[in-house]
Every structure is written in C-alpha cells, then in structure tokens.
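Trainee: Got a sequence here, can you model it:
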Amino acid sequence: MPASDLNVVILAAGKGTRMRSQLPKVLHPVAQKPMVAHVIDTAKVVGATTLNLVFGHGAAQLQIALSHYDVNWVEQAEQLGTGHAVQQAIPHMGDEDTVLILYGDVPLTRAETLSALLAAKGDHPLALLTVNLTDPTGYGRILRDAQNRIVGIVEHKDASAEQHAIREVNTGIMAANGKDLKRWLAALTNNNVQGEYYLTDVVAMAAQEGATIASAQPASAAEVEGANNRVQLATLERAYQARQAEQLMLAGATLLDPARVDVRGTVEIGNDVVIDVNVIFEGRVVLGEGAVIEANCILRDCTIGAGARVKSHSVVEGAILAEGAQAGPFARLRPGAELAKNAAVGNFVEIKKSYLGEGAKAGHLTYLGDTTVGDGANIGAGTITCNYDGVNKHQTVIGAGAFIGSNSSLVAPVTIGDGATTGAGSVITATVEDHALAVGRAKQRNIQGWKRPVKKG
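Mentor: Numbering: from 1, shown residues only. Take a look at the predicted model:
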C-alpha cells in the first residue's frame, strides 16, 4: 500500500467529564505530552499523509496545543456516537484511500502494531485491531464463525452468557477502504437505546456483504487502553514508563530500579550507561558510553559525554558535559553551561551560559554566569561572578591555570589572566595580568576593648 494512500481519522471530540478538568480529555498528558499528540506522532510514523482530527469540546484549547501539527480540523458539533464522529470526516476521504481510525485518548499504540494491522488488511476491505483480555467485562466481543472468520461485534450488555465467555474484544481501531467505509457510514442508523451511531455496526455490514474481515493484535493490552479518569491516566503513565525503561535496558543501560526512572522525551544512550533511582529525563537527552547518572537527578535537553558523571540531586538543563566531566552532588547546570573534558563542578555550584575548560574545577558554593574558564583553573568556594548590572549581562574571563581564592566576587566585565591568583575574600573589578596576585579587600583592623552588645532588661 503506498504511503500516500493512508488517511487517518483521530476521534478527539469527547469532553472527558470524569477527568473533572477544564482541559479537554485528549490534552491530558502522558510523559508531559498530550495523549492525542502521541497518537498523531504514531500516525505520522506509519506513513499518514492526511490527518483528520475530529474535535468537539475545547476546540480553542486543542487548536492552540496542536498548532504545530498539519491536520484537518473536523468539527463534530453534537456527540452522537463513534460512527457519527467518523461520518464528519467523509469529505476528507478518497475512495482509493486506506482509512485508519484511531482514538485521541489511546496514546500507547505502537507504530509496529498499526503497521501489522495495515499489513493484515492488505487487499481486504476491512481490518480490526482486537485484543484478548483476561477480564473482558464491558467490552464488545468479537464474533467469529466456524471458520474463524469475523462476522460481527456484540456489545457486552447485549451479549448472551455464551458470548460473555469470549475474551477477544474490539479496540475500536480499524483500517478500511475509503470507498467501502463511506458506503457503510452512510447506512448507519441510531436505532438503539442510546440513540447513537455506532462505528462497530460497519463490521456487521461488511460481514453481510460477504467481505473477509482481517484482524491483528497488539503485543500487550496496554497499547489499546484509554483514559477516562485520572486513575486510568496514571495507569497509562506507568505503562508508558515501563516501556521506556525496557527500551533503555535493551539498548545497554543498567537501571538500578526500572520502576523509578521517568522518560518525558527521548533518551539516546551508549553502552554501559548506569542510571540510579528517581531520575527524570525531559526533552532530548544524550548519554555517552559509560555515563553515570546518580539518584534524584533531572536532565533536560542535555548531552552527557562518555564516562561523565552527574552526581545525585543535580539538575542539568541545556548543558553539555564532555568526556569524563563531573557535576554535583546538588549542582545546577543551566542552559549554555559547558564542561570540557574532565572538568568538574561540585555541590551547590550553579553555572549558566559558561564554559569550563579541560580539567577546570569549581568545587562548591559557586555561581558562574556568562563566564569562560580556562583549562586547569581552580575556582574556590563561595566565588561568584557578578555578571548582571541590573540591565545588562557582562562577561568574565578566567585564564588557564588561574586560582580564584575562596569568597571572591568577580565584577564583570573583568579578565583574570593565565596563572593569575585572587586572594580569598577579594572583590575584583579590574583586569588581573597573567601570573599576578590580586587582593581586593579592606585592611583588617583589630579593636581592643570592644564590648559586645547585651540584651536589655
């Protein structure tokens, strides 16, 4: 089937009353990404060239949240059932299209599963994604004849005792020929207790025409589960994270507890990466071979080089750690921070838009902003770069091999030369030449006979 023929309809019109939220149900996140965005991205992976999003409640919020996607916005003004929802997309369906129907609140369906469904369909007019459940209560059962051919779907409330024993159920996800689907949709009626137009009725129509109805199944039931309340949403989150943890381990990472690592973006890893507990990855994170991420860290849009280590309770965002670099514990690397090979920052060090050269060190209690630190320089405890004058940011340059004494304040713009030293407690406001010593502090005075104040009364 040529990719250009794949037309996807995503049903996303439900209000989601049981979520008890002003946010439309399909915008509730799994791994910090709206459920419907997961569905759209998966549809694109399997080759969709036409994406129809059937919306109803929360139209403005949906359009803002999904504005970066190229979709046909199809309004379902009244929610009269799944069949009625798909009917709204008929003007966007071509007779020669293969139409794939997905659900905006079912975010975990893998691209491999949808590809298997499309492959099973082949030249057949209709294919269903079904799943076997240990407890199928509440689900429509798949009816098959003596030759194991699908002949219909019976809803749980309408099923006989014998049919209740059937474990194969309908997921609602299906693929159909555009021409056939449009004909079946046009023939739907709402002669039922709910007065709705059911998409499942097209299955019986196809069977009555003598069509062969193909089927495929997902690798796990979690792929076809939706969320109608926040309890179910949390279940989806854990299923998603379990899948991410498994993928990391299969790619060569050791996870000390796979249940306590969250991936809310993408993580690319080399071999022999070690990830401790309660680590959160957001955005795009790259971990080089042998990198170690200790417990309770947050990594966001960053690159951690081979053999580098992020020690516990550190936050790394928009930063780069080169091979063998170290950060933490309790370090904060903000956007633009870059640690060269074997550079190290320690506890309670914050770095923003700054470069630390090879082997440079800032051991503890330091702030470096808009700073370039040369190779091998040593930044003493309590050092800060005073980079902001209340209006503009200014640069500090610290030369290779420089030694910055503890509790120094470097008032930018300022340059500390190669091999230069600043005395502890200094306020440096002017250039320090190479290999010079700068001491910028008041002369000490000792006052004899001074009386410490005492509390009155």
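Trainee: Identify each of the helices in this protein and give its residue range.
Mentor: Secondary structure of the chain (DSSP state H): helices at 35-45, 59-65, 82-87, 111-121, 161-164, 178-186, 201-208, 230-250.
Trainee: Low-confidence ranges, the stretch 101-250 of the chain, go.
Mentor: In the predicted model of the stretch 101-250 of the chain, no residue satisfies pLDDT under 70.
Trainee: Mind doing that once more with 90?
Mentor: Residues of the stretch 101-250 of the chain that meet the criterion pLDDT under 90 lie in 155-158, 191-196.
Trainee: So Asp276 sits against Thr254, correct?
Mentor: No. Asp276 is beyond contact range of Thr254, at 9.4 Å (criterion: C-beta atoms under 8 Å). (Each C-beta comes from the backbone N, C-alpha and C, glycine too.)
Trainee: Neighbours of His394, how many?
Mentor: Using other C-beta atoms under 10 Å, His394 is surrounded by 15 other residues.
Trainee: Also Ala291?
Mentor: Ala291, neighbours per other C-beta under 10 Å, totals 26.
Trainee: try the one 10 residues further on
Mentor: Applying the criterion other C-beta under 10 Å, we find 16 residues in the vicinity of Asp301.
Trainee: contacting residues for Ile379?
Mentor: Contact analysis of Ile379 by C-beta atoms under 8 Å, 6 or more residues apart in numbering lists Ala360, Lys361, Ala362, Gly363, Thr366, Leu368, Val373, Ile398, Ile404.
Trainee: what's the domain layout of the protein?
Mentor: Split into domains by automatic domain parsing, the chain comes to 3-224, 244-438.
Trainee: Make TSV out of the ones you listed and add distance to Leu236.
Mentor: Formatted as TSV, these follow (distance: least, C-beta to C-beta, whole Å):
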stretch	distance to Leu236
domain 3-224	5
domain 244-438	13
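Trainee: So which of those domains is nearest Gly457?
Mentor: domain 244-438 (37.2 Å; C-beta to C-beta).
Trainee: so how far does the closest one reach from one end to the other?
Mentor: Taking C-alpha to C-alpha, to the nearest Å, domain 244-438 runs 53 Å from one end to the other.
Trainee: on that earlier part again, out of the helices of the chain, which is the most enclosed?
Mentor: Highest mean neighbour count of these: helix 82-87, a mean of 22 (counted as mean count of other C-beta atoms under 10 Å).
Trainee: So which of Asp276 and Thr254 has more stuff around it?
Mentor: Taking Asp276 and Thr254 together and counting by other C-beta under 10 Å, Asp276 has the greater number of neighbours (20 against 13).
Trainee: Excluding chain neighbours, what is closest to the more buried one?
Mentor: In space, Asp276 comes closest to Ala295 once its chain neighbours are excluded; the distance is 4.1 Å by C-beta to C-beta, 6 or more residues apart in numbering.
Trainee: Equivalent analysis for Ser406, please.
Mentor: Gly380 (3.7 Å).
Trainee: tell me the contacts of that neighbour?
Mentor: Residues near Gly380 by C-beta under 8 Å, 6+ apart: Gly363, Thr366, Phe403, Ile404, Gly405, Ser406, Asn407, Ser408, Ala424.
Trainee: again with Leu287
Mentor: Each residue near Leu287 by C-beta under 8 Å, 6+ apart is listed here: Ala253, Val267, Glu268, Ile269, Gly270, Val273, Ile293, Ile304.
Trainee: what two of those are the furthest from one another?
Mentor: Using C-beta to C-beta, the pair of the contacts of Leu287 lying farthest apart is Glu268 and Ile293, separated by 13.5 Å.
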